[in-house]
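**Student:** no sequence on this one, just coordinates:
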């Protein structure tokens, strides 16, 4: 069985001073990162996927629940993921 890294995705609505954002959370490493929402994409999940792909990291799978989406990555990409959240 493969070990995977789960990254939760949550849309953050715009405020008076900040535009829409996407919060990425890696609970395994107790860290998160907030990126700008990309309006070229339909939703927060597509924005997150484009972000990771632009950094050479491809999601292994995805799943959804009531609070948002989760992307799964293999441990082969662990070093790249840790570097993105540093």
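**Tutor:** Yes, it's here. Please read these numbers as outputs of a predicted model, since none were measured by experiment.
**Student:** In the top helix by length along the chain, which residues are buried?
**Tutor:** Longest helix in the chain, counting residues (DSSP state H): helix 44-54. For helix 44-54, burial by neighbour count (16 or more other Cβ atoms under 10 Å) applies to 44, 45, 47, 48, 49, 51, 52. For glycine as for every other residue, the C-beta is placed from the backbone atoms N, C-alpha and C.
**Student:** Hmm, the first one is touching residue 11, no?
**Tutor:** If I follow you right, that is residue 44. Yes: look at residue 44 against residue 11 with Cβ atoms under 8 Å: they come within range, at 4.0 Å.
**Student:** Please enumerate the shared neighbours of those two.
**Tutor:** With contacts taken as Cβ atoms under 8 Å, 6 or more residues apart in numbering, residue 44 and residue 11 have 22, 37, 68 as neighbours in common.
**Student:** can you tell me which of the residues you listed are in strands?
**Tutor:** 22, 68 (DSSP state E).
**Student:** Highest neighbour count among the shared contacts of residue 44 and residue 11?
**Tutor:** residue 22 (23 neighbours; other Cβ atoms under 10 Å).
**Student:** Please give me every residue in contact with that one.
**Tutor:** Counted by Cβ under 8 Å, 6+ apart, residue 22 has contacts 9, 10, 11, 12, 34, 35, 36, 37, 44, 47, 48, 51.
**Student:** Identify, by residue count, the longest strand of the chain.
**Tutor:** Longest strand in the chain, counting by DSSP E: strand 4-12.
**Student:** Pull up the pairing partners for that one, direction included.
**Tutor:** The strands beside strand 4-12 in its sheet (DSSP bridges) come out as strand 21-26 (antiparallel), strand 68-74 (antiparallel).
**Student:** List the buried residues in it.
**Tutor:** Quick answer for strand 4-12 (16+ other Cβ under 10 Å): 4, 5, 7, 8, 9, 10, 11.
**Student:** And the closest residue to residue 12 other than its chain neighbours, what's its pLDDT?
**Tutor:** Closest residue to residue 12 apart from its sequence neighbours, by Cβ to Cβ, 6 or more residues apart in numbering: residue 21 at 4.2 Å. What the model reports as pLDDT for residue 21 is 97.
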